[in-house]
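Chemist: got a structure for you, letters missing:
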């Protein structure tokens, strides 16, 4: 599995511990920090800074006018799946000026979740393009915002021009159970992609 492993202790009978790395990407204010916080078993590491008047000249807050902070490096959370298996979640920054961080964060990642807001669907295109170009398995999670219009999965798939086999799921980034379902969908997708025969 991605992101390596290590031997616990020095004895030959020790089980090999594994760490799985997953990225969470998407546009500014789409709910990445919220999802990491909802599902992490530890207090998440956050690199949020207040939005300033200067940043307003660079970063568009259209659709998220009430947002007062922004992730400048990453969010980090952890989920223990078994005694010997841990999942590490890395939330990427959403603004274009911080995208250079993605190249560092993606190293060793098993897959990714692209979080999307149907009110600002175009904001997730850069993340989709990024993972498609690097052949990294990903799923799209539609974060439900209060008052946003409901669209069918088929409509969203057509709007994003995604393959029929790529999973798209509805979610509430504030909900631990909903966020866990998104991660389970990603792992299942990664496994299904790994089982596909390689074409000549």
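Modeler: Yep, that arrived. In this text, all values refer to a predicted model and were calculated from it rather than measured experimentally.

Chemist: rest of the way, CA atoms for contacts and neighbours
Modeler: OK.

Chemist: what's residue 40 in contact with, if anything?
Modeler: 77-79 (Cα atoms under 8 Å, 6 or more residues apart in numbering).

Chemist: what about the most centrally placed residue in the chain, helix or strand, and which?
Modeler: The centroid of the chain falls nearest to residue 24 when counting by Cα atoms, centre = their mean (1.5 Å). Using DSSP states H and E, residue 24 falls within strand 16-26.

Chemist: For that strand, enumerate the helices and strands it packs against.
Modeler: strand 5-7, helix 32-39, strand 85-91, strand 111-116, helix 125-133 (3 or more Cα pairs under 8 Å, 6 or more residues apart in numbering; DSSP states H and E).

Chemist: what's the closest of those to residue 189?
Modeler: strand 111-116 (9.0 Å; Cα to Cα).

Chemist: Give me the residues contacting that closest one.
Modeler: Everything outside strand 111-116 that qualifies as a contact, by Cα under 8 Å, 6+ apart, is 21-27, 30-32, 123-124, 127-128, 131, 136-143, 182-183, 186-187, 190.

Chemist: Pull out the buried members of the residues you listed.
Modeler: Taking 16 or more other Cα atoms under 10 Å as the criterion, what is buried in these is 21-27, 30-32, 123-124, 127-128, 131, 137-143, 182-183, 186-187, 190.

Chemist: picking up where we left off before, parallel or antiparallel, which strands does the strand holding residue 24 pair with?
Modeler: Here strand 16-26 is paired, per DSSP bridges, with strand 5-7 (antiparallel), strand 85-91 (parallel), strand 111-116 (parallel).

Chemist: Which stretches in the chain count as strands?
Modeler: Secondary structure of the chain (DSSP state E): strands at 5-7, 16-26, 45-50, 69-82, 85-91, 111-116, 138-143, 168-171.

Chemist: Among these, show the one with the smallest mean pLDDT.
Modeler: Across the strands of the chain, strand 5-7 has the smallest mean pLDDT, namely a mean of 48.

Chemist: what about the closest residue to residue 80 other than its chain neighbours, neighbour count?
Modeler: Of all residues not flanking residue 80 in the chain, residue 86 sits nearest, at 4.4 Å (Cα to Cα, 6 or more residues apart in numbering). Look at residue 86: counted by other Cα atoms under 10 Å, it has 17 neighbours.

Chemist: residue ranges with poor pLDDT in the protein?
Modeler: 1-15, 46-73, 94-100, 196-200 (pLDDT under 70).

Chemist: what's the lengthiest helix in it in contact with?
Modeler: Taking DSSP state H as the criterion, the chain has its longest helix at helix 176-195. The contact list for helix 176-195, computed with Cα under 8 Å, 6+ apart, reads 35, 38-39, 110-113, 137-139, 141, 166-167, 169, 171-173.

Chemist: Give me the buried subset of these.
Modeler: 35, 38-39, 110-113, 137-139, 141, 167, 169, 171-173.

Chemist: List just the nearest of those to residue 153.
Modeler: The closest of the buried ones among the contacts of helix 176-195, once distances to residue 153 are taken by Cα to Cα, is residue 169, at 7.6 Å.
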